[in-house]
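> One predicted model, sequence on top.
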Amino acid sequence: MVAPVSTTWLDPFLEGWRPGTGDPLEDREPATDLHLLTIPASTPDDVARAAAAAAAAQPAWAETSYQERARILRRAADIYDAHREEFGAWTMRETGAVHSKMHHEQNFAYQEVLNAATLPSQPYGSLMPTAQKGRLSMVRRVPVGVVGAITPWNSPTVLGMRVVAPALALGNAVVLKPDPQTPVAGGAIFAAVFAEAGLPDGLLQIVVGGADVGEAIVTDPNVSLVAFTGSTAAGRRVGQLAGGLLKKVSLELGGNNAFVVLEDADLEAAASAGAFSSFQFQGQVCFAAGRHIVHRRVAGAYVDALTAKAKRLRLGDPYREDVQLGPIVNAKQLARVDGIVQRSVAGGARLVEGGTYEGLFYRPTVLADVTTDSPAWTDEIFGPVAPVTTFETDDEAIALANASEYGLVAAIYTRSTSRGLALANRIKAGMIHVNDGTLNDEAIIPFGGMGASGNGSRFGGEANFDTFTEWQWVTVRDEPPSFPF
Ligand code: NAD
């Protein structure tokens, strides 16, 4: 099936869309290198203006009734739903996503807004016992103010929506900066949907640009919370800048995720999940399976099954052809992926399948006998590569799984769910799945990682209150107390 070519609802908005006053920024389709649109990029001065406008609009929004905030979010969900095919087409064209990935992302972004619409009506504090007679004591959650949202190119719609929707629902304003490779899927869609939904002016500001624009958001005095999703390297820089300013910061970063296959696993099911977890969307997802840790007794059969699946995958333009893998997002990233594969093979890893490319299309690659000092093992590859190593005891499997600075997600395949759970209890990761792939998320779940995968913050579900509000203690007395001074 090929996506509809028409892009009708967004077109009038895009014709007048000027997200900045800077240099022209060209939006291109990685699969074909076709030009999609050119827009003026934002500058640090544009960020300052956007953040000031957001800060000016936020207090009235925080005082808007919970019914009205929920109504606007529900309306945004309906508008999103009505145009999701068109939005999906932009996601495919800007990122090279295949249909299944695009549909998942569109549905997930929709679920994020729906879920956010329930937040305004939740209780937002507690009445507290107090040691002081005649005093009313309450703790309540108040909006942080202006949220600076910085998102990567790889799932621009859902990663933006998981910040924008709950942040707005809880009474904040937002300055959103998508990656410059996805200005429409990560930026324009949000502006158009929320404007149509009736969000008051000023509350959602979209700026488009690179690291300089991102840093301007992080350091802007009107921005109270930085909600960053991206690489660990950029996240460290963002964390340092925000820390110096004593600013609240939520960092959702990279991963190098363990996929553990025990000797009693259903191997066909494990290989299917392993292949999907490593190759879906060309491996360009934070929760891709980056390290296959397989019991020595079944490793040969597992690698054979993984290889058979890799061989069958069709590559091509995901927007116009019926394919299972699209392009790597750009030439720099492709060179990085290939460099990791070639250096790993030179260091002793066995290239079983793939390791070749044409244009931006990299063949799904299986590497066996990978050692723990190999770049394919230590680095987040962000490409369609499945590195496999072996273990003999459960202790060895756990040691291998935990031997990474990252801790985003892990998966364990075994016919014994109690053994799977026992192993899960020993793995350092923010999310663990027994008998399922690593690519899992739901809007109601606090999503995030440990170690170098983040700073312990989460997006989603109950965590939205922790992330997008601050605690405030308020006491009230009818009669002022007397003091010794
Ligand atoms: P990236 O870090 O290069 O860019 C992410 C965003 O940060 C972009 O908008 C970019 O312009 C901006 N940016 C870059 N440097 C910045 C700086 N110094 N200050 C402020 N902003 C800056 O990441 P990418 O290559 O676009 O995305 C891939 C990475 O994102 C991978 O590491 C992936 O694992 C990670 N990721 C994590 C999650 C998660 O939830 N944990 C989800 C998706 C992607």
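In hand now; what should we look at? These numbers come from a predicted model, not from an experiment. Numbering: from 1, shown residues only.
> Return the helix or strand in the chain with minimum mean pLDDT.
Least confident helix or strand of the chain, by mean pLDDT, DSSP states H and E, is helix 11-15 with a mean of 94.
> Please enumerate residues in contact with that one?
Applying Cβ atoms under 8 Å, 6 or more residues apart in numbering, the contact partners of helix 11-15 are 37, 184, 188, 191-192, 195. Yep, even glycine has a C-beta here, placed from its N, CA and C like the rest.
> Between all of those residues, which two are separated the most?
The largest separation in the contacts of helix 11-15, counting by Cβ to Cβ, is between 37 and 195 at 18.4 Å.
> and the helix or strand containing residue 389, what other elements does it pack with?
Using DSSP states H and E, the element containing residue 389 is strand 385-391. Counting contacts by 3 or more Cβ pairs under 8 Å, 6 or more residues apart in numbering; DSSP states H and E, strand 385-391 packs against helix 267-279, strand 289-295, helix 296-312, helix 331-346, strand 365-368, helix 375-378, helix 394-402.
> In that strand, which residues are buried?
Of all the residues in strand 385-391, those buried under the rule 16 or more other Cβ atoms under 10 Å are 385-391.
> for that strand, what is the average pLDDT?
When pLDDT is averaged over strand 385-391, the result is 98.
> ok, now stretch 55-66?
The pLDDT scores in stretch 55-66 average 98.
> List of residues touching it?
69, 120-121, 142-143, 145-146, 168, 171-173, 200-203, 222.
> The residue nearest in space to the middle of the chain: which element?
Using Cα atoms, centre = their mean, the residue of the chain that lies closest to the mean C-alpha position is residue 159, 4.4 Å off. Using DSSP H and E, residue 159 sits in helix 156-169.
> continuing past that helix, what's the next helix or strand?
Downstream of helix 156-169 (by DSSP H and E), the next one is strand 173-177.
> any idea of the angle that following strand forms with helix 156-169?
On the basis of axes from the mean of the first three to the mean of the last three Cα atoms, to 10 degrees, strand 173-177 is oriented at 160 degrees to helix 156-169.
> Tell me the helices and strands packed up against strand 173-177.
In terms of contacts (3+ Cβ pairs under 8 Å, 6+ apart), strand 173-177 is packed against helix 44-63, strand 146-150, helix 156-169, strand 204-206, helix 211-219.
> quick one: average pLDDT of the shortest one?
The average of the pLDDT scores along strand 204-206 is 98.
> cool, and stretch 89-96?
97.
> The contacts of stretch 55-66: which two are farthest apart?
Using Cβ to Cβ, the contacts of stretch 55-66 reach their maximum pairwise distance at 121 and 222, which is 28.1 Å.
> sec struct for the nearest residue to residue 371 once chain neighbours are set aside, please.
Nearest residue to residue 371, sequence neighbours excluded (Cβ to Cβ, 6 or more residues apart in numbering): residue 348, at 6.2 Å. With DSSP: H, G, I helix; E, B strand; the rest coil as the basis, the three-state label of residue 348 is coil.
> show me what contacts residue 348?
By Cβ under 8 Å, 6+ apart, residue 348 lies in contact with 369, 371, 374.
> For the ligand, see how far away it is.
Plainly put, residue 348 is 26 Å away from the ligand if you go by Cβ to the nearest ligand atom, to the nearest Å.
> Not counting sequence-adjacent ones, nearest residue to the closest residue to the ligand within the stretch 201-350 of the chain?
Ranking the residues of the stretch 201-350 of the chain by distance to the ligand (Cβ to the nearest ligand atom) places residue 214 first, at 2.2 Å. Once flanking residues are discounted, residue 214 sits nearest to residue 150: 5.0 Å by Cβ to Cβ, 6+ apart.
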